[in-house]
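Trainee: Let me see the structure of the following:
(3 chains)
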Amino acid sequence: MNFDPTYRSQKFRSVGTRPRRPDGIDKVTGRARYGADFNMPGQLVGRILRSPHAHARIVRIDTARAEAVKGVKAIVTASDLPDLTNGNQSLFNILDNCMARSKVLYDGHAVAAVAAIDANAAKQALKLIEVEYEVLPHVVDVDAAMLPDAPLIDKTLFTGGVEPTPETPSNVALRSEFGHGDIESGFAQADIVVERSYRTEQTHQGYIEPHACVASCNSDGTAELWVCTQGHFVFRQTCADLLGLDVSKLRVTSSEIGGGFGGKTHVWVEPVALALSRKAGRPVKLVMSREEVFRASGPTSATSIDVKIGARKDGTITAAAANLRYTNGPYADIWAELGAMTSFACYDLENVKTVGFEVLVNRPKVAAYRAPSAPMAAFAVESTIDELAQELGMDPVEFRIQNAASEGTKSSYGPVYGPIGIGPTLEAAQSHPHVKAPLGPNQGRGMACGFWFNFGGQTCTDLNVNVDGTVTLAVGTVDVGGSRASLSLIAAEELGIAYEDVKAVVADTATLGYNDMTDGSRGTFSSSMATISAARNAIGVMRHRAALQWDIPVEDVTWEDGNAKASGEKYGNLSPLSIKEIAAASGNTGGPIAGHSEMVADGAGVSFATHICDVEVDPETGSTRIVRYTVIQDAGKAVHPAYVEGQYQGGAAQGIGWALNEEYIYGEDGRLQNPGFLDYRIPVCSDLPMIDTQILEIPNPNHPYGVRGVGETSIVPPLAAIANAISNAVGIRMTHIPMSPPRILAALNRERNQ
Amino acid sequence: MVSVPVSTTINSDEVEFLCRADESLLDVLRNRLGLMGAKEGCGTGDCGACSVIMDGRIVCSCLVLGAEAEGRTIETIEGMADGNELHPLQKKFIEHAALQCGICTPGFLMAAKALLDANPDPTEEEIRFWLAGNLCRCTGYDKIVRAVADAAQEMRGKRA
Amino acid sequence: MVDVKLWAGLVPLADNQQTVTVEAGTVRELLRQLGDRYPGLREPIKNEVAVVMDGTIYRNDWSVELPENAEVFLIRRLAGG
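Mentor: So this is what the prediction gives:
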């Protein structure tokens, strides 16, 4: 790859404007096709039977009566998805999660699936599948699962990351540790130490579109999959691995995606739909119900976190420590480790130590949710920081500025930072009019900071110059929030043509090389880098074609403002050749004109945000209303500022829901009691104020236009910002998320009775 | 189960269909009539992604039976634009970047149209409470509220 | 010469060394040498590591050159949302 991604300052013509998105009309007229909006000839309806138990051994499954139902064409169980994972534990976990093998591990775990000619036949068949369970003791609470006598999810699991390895199995899969310095001597130097314990409940990404796919397997080993996903290339690989298909023979097309936020980075029903289609010999459409989405897909970790921070009277933090316990669902992952890495990433600390524990429980397999694991850690740390500032009698922004990480700081997770944006977001907060606005009765103001890594990854892009001089851009990163608009802007900028002359599409897996998922805030960051590279390659071709047309050396042809120009006085009489003229002549100068790019877009750069929030707490009901909200975040360069604002606002709104309302509620029986939008309440329009945004643009040195990822960081600060605001409004420190009316009222009543 | 014959008006067209007695209007629109602009986000009337206008009222089509459409007048997202001329709400949603993933957009547009049909000059609070039955997980609603207010203003200007 | 710092999970696989000194010009050479010296590291190197060089995280680009005295960390490959 001969591409230099280094940032160069330039004046932009297209980048930074706010044109209409290319998929806008389809989406406002109902024509855009999402996961459930696609049909194939002869298609069957798929349905999944799910466990009613939190933890049970599957003794026997009898499908005979179900198979006899008229219209039923196939029934699959784990035996139809044989284990081809070849010792790959994480792949096996995906397989076992798609279809339980020997045990069901949570309420909602799939045990069998049916394909039938219509939904009624499928439903009837599900009722007739007989599953005999041996119910086992279960545990859903993170701290309870760590007790020595807790029911064991996996009797072969011995905690990793501790020396020596324990002799008895437990639900703690892994211990991880980060930090530097000596916290004991650090705390000894402190004048004030604040130590608190926090809990956060499990939340769901809450995308409005349930998982949906149409799978079609042919007898010759070829297959097609239409699916809503954040990464169709990754889904292709996983499905091919699990079903024993050749990767080249499985063609995956990503539908329009109705929200993902990390929850559509994992397969859930897709391998099952393919298995049903393979067995039935017909296409199968499988759409999850909302209840299934809550019970069996997605959620984030529930957590229990202890934080201890010490500071001198002059406001210098001398030591910081955190213990973080995160639920993983029934399969081991690294969610607490991510929390342990991000906890203190905003600060410059001499002595810091974080320890994470991955805890197995009988809840659904945890999936990534926007800056996964960071919001809970930030809630605990930023609450403690705020309380410490109060004890020191310091302004909370000033206290953070004094201790903020900057270029050269050794981060709490290890490496030394390059140029970073935490300081500028704090300084912008300090001078923002929001911090000086008056507050009413029962109102309080809070602020908090947030961090997320961001990353790039494998990316492939095709740019075709059509004979009329317009450009088709095929990208492989799924468009989750307007990236086709931003990538069209990038192509227009680099080529020097109008935005309207570029049409961007998301290509399927058969027509473009491999792309990583749209995750880690990478969609626009990495595909824009690949688009710039592809455009530069196309410009190289067009310069060559112009040279042929003029019959001069290619070295004498430059590219400016969408035109080839002959440089040098000897060519004074040659008028520039536009992209349209070069394209029109292409048939006789060498054929089609294209630019291609395959690359690894690394160097995304870490991301920071500062949020400010005003709340009003009703002392009679404990209900909290967000009165005003401001998001300040570094975008590097905002390619389409309206969609950058949209990311900031959307992340803040999700964080607000997490902070105030959203939680999984389990009964004593280990069953989820609120698997619907009525009882799992995400913020509605009347819950929120306008969400103000301030976009800082500190160029990313590792991107030609300075772009950084913007999607995730905005969900990190809200939990703490709101907790801090509530504390300032009514004088109570909430340590349990969500801060729902009953919890706040109980805390207020405790305070009143003291 | 015996099917029910239904005669109704959808987007000004007279339409006849057969449906099962327990079949929702949403399933009829999507699976029998090919009108897939209405989306199923929950099937329990909580998310509003399936919103359509029935006899001038906004309803969740997942909570209406197909058989109940008999003799009614139904408006769906597919009938909102006048041919290639977008409704002002549709234009303003695109202009204001009031959609990200877009799955909730048809429902929001139908609900907003019902609002402006009933109240051409709503306050921000009225917009927020009227749209409280429609869930959006991407935008934080900010740009949706602005788009609706701007469309209302433009439509009032045209009427005057 | 480059000092490579390992995340805690890798330390037991590398004779309990937290820092390993290698002579390498690129990330690829560095990883190859680590794998040669500590075969237990080969498996995690395949798909579990990211390399942080002077504060910037690289997950895929093993052709990146290592400047003299670069600060190099192996951290776990992360998930995103």
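Trainee: Break the chain into its domains for me.
Mentor: Just so you know, I chose chain A. Domain ranges of chain A: A:24-32+A:456-601, A:431-445+A:609-754, per automatic domain parsing.
Trainee: Hmm, no, I was thinking of chain B.
Mentor: Split by automatic domain parsing, chain B gives B:3-79, B:88-159.
Trainee: closest to residue A:707 out of those domains?
Mentor: Proximity to residue A:707 (C-beta to C-beta) singles out domain B:88-159 among these, at 18.0 Å. From N, CA and C alone the C-beta is placed, and that goes for glycine too.
Trainee: pLDDT weak spots in chain C?
Mentor: Along chain C, no part satisfies pLDDT under 70.
Trainee: Quick one: the strands in it, in order.
Mentor: C:2-6, C:19-22, C:49-53, C:56-58, C:72-76 (DSSP state E).
Trainee: Throw the ones you listed into TSV and include mean neighbour count and distance to chain B, thanks.
Mentor: Formatted as TSV, those follow (neighbours: other C-beta atoms under 10 Å in any protein chain shown; distance: least, C-beta to the nearest C-beta, whole Å):
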stretch	mean neighbour count	distance to chain B
strand C:2-6	20	39
strand C:19-22	15	44
strand C:49-53	22	29
strand C:56-58	21	26
strand C:72-76	23	29
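Trainee: Mind listing what's buried along stretch A:213-224?
Mentor: By neighbour count on 16 or more other C-beta atoms under 10 Å in any protein chain shown, the buried set for stretch A:213-224 is A:213, A:214, A:215, A:216, A:217, A:223, A:224.
Trainee: pLDDT below threshold where in the chain?
Mentor: Just so you know, I chose chain A. For chain A (pLDDT under 70), the answer is A:1.
Trainee: Hmm, no, I was thinking of chain B.
Mentor: B:1, B:160.
Trainee: Find the centremost residue of it, please.
Mentor: residue B:110 (2.7 Å; C-alpha atoms, centre = their mean).
Trainee: thinking again about what came up before, adding distance to residue A:408, write the strands of chain C out as a markdown table.
Mentor: Below are those laid out as a markdown table (distance: least, C-beta to C-beta, whole Å):
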| stretch | distance to residue A:408 |
| --- | --- |
| strand C:2-6 | 17 |
| strand C:19-22 | 20 |
| strand C:49-53 | 15 |
| strand C:56-58 | 14 |
| strand C:72-76 | 15 |
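Trainee: and the residue of chain B found nearest chain A, how many neighbours?
Mentor: Across chain B, the shortest distance to chain A (C-beta to the nearest C-beta) belongs to residue B:37, at 2.0 Å. Close neighbours of residue B:37, defined as other C-beta atoms under 10 Å in any protein chain shown, add up to 25.
Trainee: show me the contacts for it.
Mentor: Shown in contact with residue B:37 (C-beta atoms under 8 Å, 6 or more residues apart in numbering or on different chains): A:29, A:30, A:31, B:76, B:77, B:78, B:106.
Trainee: so where do the strands sit in chain B?
Mentor: B:3-10, B:13-20, B:51-54, B:57-60, B:73-75.
Trainee: tell me the SS of residue A:720?
Mentor: Following DSSP: H, G, I helix; E, B strand; the rest coil, the label given to residue A:720 is helix.
Trainee: quick one, what contacts it?
Mentor: Here residue A:720 is in contact with A:378, A:379, A:380, A:381, A:382, A:383, A:386, A:446, A:448 (C-beta under 8 Å, 6+ apart).
Trainee: what about the fourth one, which SS state?
Mentor: Same thing as residue A:381. Reduced to three states by three-state DSSP, residue A:381 is helix.
Trainee: Please list all residues in contact with residue 70.
Mentor: Defaulting to chain A. Applying C-beta under 8 Å, 6+ apart, we find residue A:70 in contact with residue A:121.
Trainee: hm, I was asking about chain B
Mentor: Counting by C-beta under 8 Å, 6+ apart, residue B:70 has contacts B:6, B:7, B:8.
Trainee: buried subset of these?
Mentor: Those of the contacts of residue B:70 that meet the buried threshold are B:6, B:8, by 16+ other C-beta under 10 Å.
Trainee: Between the contacts of residue B:70, which sits nearest chain C?
Mentor: Nearest member of these to chain C, counting by C-beta to the nearest C-beta, is residue B:8, at 43.1 Å.
Trainee: can you tell me how far that closest one sits from residue B:63?
Mentor: 17 Å (C-beta to C-beta, to the nearest Å).
Trainee: cool, and residue A:327?
Mentor: Residue A:327 is 35 Å from residue B:63, by C-beta to C-beta.
Trainee: Looking at the two, which is more packed in?
Mentor: More crowded of residue A:327 and residue B:63, by other C-beta under 10 Å: residue A:327, with 29 against 15.
Trainee: from the buried residues of stretch A:213-224, which is closest to residue B:47?
Mentor: Using C-beta to C-beta, those come closest to residue B:47 at residue A:213, 20.3 Å.
Trainee: who's the closest one bridged to?
Mentor: Beta-bridge partners for residue A:213, by DSSP bridges, are residue A:227, residue A:286.
Trainee: My understanding was that it contacts residue A:272; is that so?
Mentor: No. Using C-beta atoms under 8 Å, residue A:213 is not in contact with residue A:272; the gap is 9.4 Å.
Trainee: what residues are shared contacts of the two?
Mentor: If you check residue A:213 and residue A:272 against C-beta under 8 Å, 6+ apart, the residues they both contact are residue A:286.
Trainee: wait, residue A:325 sits on residue A:301?
Mentor: No. The criterion here is C-beta under 8 Å, and residue A:325 misses it with residue A:301 at 9.0 Å.
Trainee: joint contacts of these two?
Mentor: A:142, A:336.
Trainee: which one of those two has more residues nearby?
Mentor: residue A:301 (30 against 23).
Trainee: what's the nearest residue to the more buried one if we skip its chain neighbours?
Mentor: In this structure, residue A:301 finds its nearest non-sequential neighbour in residue A:326, 3.9 Å apart by C-beta to C-beta, 6 or more residues apart in numbering or on different chains.
Trainee: element containing the one you found, please.
Mentor: Per DSSP states H and E, residue A:326 falls inside strand A:317-327.
Trainee: Given that strand, what are its sheet partners and their directions?
Mentor: Counting by DSSP bridges, strand A:317-327 is paired with strand A:303-311 (antiparallel), strand A:352-359 (parallel).
Trainee: mind saving the C-alpha coords of it as CSV?
Mentor: Provided in CSV are the C-alpha atoms of strand A:317-327 (Å, rounded to 0.1, in the frame of the first residue of the first chain):
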residue,chain,number,x,y,z
ILE,A,317,-4.6,13.4,43.2
THR,A,318,-2.0,11.2,44.9
ALA,A,319,-3.5,7.7,44.3
ALA,A,320,-6.5,6.1,42.7
ALA,A,321,-7.8,2.5,42.8
ALA,A,322,-10.8,0.6,41.6
ASN,A,323,-12.1,-3.0,41.8
LEU,A,324,-14.6,-3.7,39.0
ARG,A,325,-16.9,-6.8,38.9
TYR,A,326,-18.8,-7.1,35.6
THR,A,327,-21.3,-9.8,34.6
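Trainee: and the helix or strand that it is followed by, does that touch chain C?
Mentor: Using DSSP H and E, the next helix or strand after strand A:317-327 towards the C-terminus is helix A:335-342. Yes. Interface with chain C: helix A:335-342 contributes A:337, A:338, A:341 (C-beta under 8 Å from any C-beta of the partner chain).
Trainee: What residues does residue A:27 make contact with?
Mentor: Contacts of residue A:27 (C-beta under 8 Å, 6+ apart): A:256, B:99, B:102, B:105.
Trainee: Sort out for me which of those are in helices.
Mentor: Using DSSP state H, the subset of the contacts of residue A:27 located in helices is residue B:105.
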